[in-house]
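**Q** this is a predicted model, with the sequence first.
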Amino acid sequence: MLRIAIQAKGRLFEETMELFEESDIKISMTKRTLLVQSSNFPIEVLFLRDDDIPQTVATGVADLGIVGENELLEKEGDAEIIRRLGFSKCRLSLAIPKDVEYGGVSWFEGKKIATSYPVILRRFLEQKGVDADIHIITGSVEVSPGIGLSDAIFDIVSSGSTLASNRLKEVEVVMRSEALLIGNKKMDDEKRTILNDFLFRLNAVKTAEDKKYVLMNAPQKNLNEILDVLPGMKSPTVMPLAQEGWCSVHTVLDEKCFWEIIGKLKGLGAEGILVLPIEKMII
């Protein structure tokens, strides 16, 4: 049995539960308890505050954890990064009052900066040779300059709307963060075997993200040109049609280049193009 620690609430919790659901790992949420066992996979979920997860995994209280990269670095957790998960993306940035002129990192020399992430901030300032007064607070860091508690803030930024509503502007991006799957470095072989099964499911789900399965009817005379256009996972599948001179081509396309490629295919005579979503992809 593997024990995995995840955030008890918030966006990271919601996206983690979606990942479990897509991986067909059933976690009953009818009654919130600290520890919940999956009904169809040898894993149990431990619900914690996000800042408790790195240490919980490092000490072996949990075997795995899903946590923001920012929390892992801030707590300096001695855990293994097993996989980047690509969701709950944000950045940690320095921000100052909107009407203040900014001339570079040296602006922060001697200034008071409010933050919930003193370790990451201190490391950044030391690298830049800046001596600032770090004021550690929890909660609504962004209100600090407005009430005279600090000259600037260092905090998580997603859309930037919270900064704007507090008349702040982002001036330095210190790091970018996303959700990580982390693990205890001393997991035994039995737990590693379960972890591999868990990763197999996760990888199938994550590989399928932003991918489309595309089927089309293509004129045989233009087949080689059409195949040259397609950047599929491997060689596309080609099958003859009952109508002479035509074939059916099946492939997988990345959504970010989808429309550009579809336009080229139509220009080469492809017809009846059918696009399907992909839930899982095993490669």
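**A** In hand now; what should we look at? Numbering: from 1, shown residues only.
**Q** ok, now which ones touch the residue lying closest to Asp133 once chain neighbours are set aside?
**A** Closest residue to Asp133 apart from its sequence neighbours, by C-beta to C-beta, 6 or more residues apart in numbering: Lys112 at 4.5 Å. Every C-beta, even on glycine, is put in place using the N, C-alpha and C of the backbone. Neighbour list for Lys112: Ala132, Asp133, His135, Leu149, Ser150, Asp151, Ala152 [criterion: C-beta atoms under 8 Å, 6 or more residues apart in numbering].
**Q** and Lys112, how far from Ile147?
**A** Noted for Lys112: a distance of 12 Å to Ile147, by C-beta to C-beta, to the nearest Å.
**Q** what mean pLDDT does the helix or strand containing Met175 have?
**A** Using DSSP states H and E, Met175 sits in strand 168-177. Mean pLDDT, strand 168-177: 96.
**Q** same deal with stretch 187-201?
**A** For stretch 187-201, mean pLDDT rounds to 95.
**Q** alpha carbons of that stretch, as CSV, please.
**A** Extracted in CSV, the C-alpha atoms of stretch 187-201 (Å, rounded to 0.1, in the frame of the first residue of the first chain):
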residue,chain,number,x,y,z
MET,A,187,10.8,3.5,-0.5
ASP,A,188,11.2,-0.3,-0.5
ASP,A,189,10.9,-2.5,-3.7
GLU,A,190,7.3,-3.5,-3.0
LYS,A,191,6.3,0.2,-2.9
ARG,A,192,8.4,1.0,-5.9
THR,A,193,6.4,-1.7,-7.8
ILE,A,194,3.1,0.0,-6.9
LEU,A,195,4.6,3.3,-7.8
ASN,A,196,5.4,2.0,-11.3
ASP,A,197,1.8,0.9,-11.8
PHE,A,198,0.7,4.3,-10.5
LEU,A,199,3.0,6.1,-13.0
PHE,A,200,1.8,3.9,-15.8
ARG,A,201,-1.7,5.2,-15.3
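**Q** packing partners of the longest helix along the chain?
**A** When the chain is parsed with DSSP state H, its longest helix is helix 189-208. Packing partners of helix 189-208 (3 or more C-beta pairs under 8 Å, 6 or more residues apart in numbering; DSSP states H and E): strand 2-7, helix 11-22, strand 80-84.
**Q** list of residues touching the first one?
**A** This points to strand 2-7. Residues outside strand 2-7 that contact it (C-beta under 8 Å, 6+ apart) are 12-13, 16, 35, 42-50, 52-53, 56-57, 61-67, 191, 194-195, 198.
**Q** weed out the non-buried ones from those.
**A** When the contacts of strand 2-7 are checked for burial by 16 or more other C-beta atoms under 10 Å, the buried set is 12-13, 16, 43-46, 48, 50, 52-53, 56-57, 61-67, 191, 194-195, 198.
**Q** give me the subset of these lying in helices.
**A** Per DSSP H, the subset of those in helices is Leu12, Phe13, Thr16, Ile53, Thr56, Val57, Lys191, Ile194, Leu195, Phe198.
**Q** what's the closest of those to Pro219?
**A** Set against Pro219, the nearest of these by C-beta to C-beta is Phe198 (45.6 Å).
**Q** which one of the contacts of Lys112 has the most neighbours?
**A** Among the contacts of Lys112, Ala152 has the most neighbours (other C-beta atoms under 10 Å), with 24 neighbours.
**Q** thank you, goodbye.
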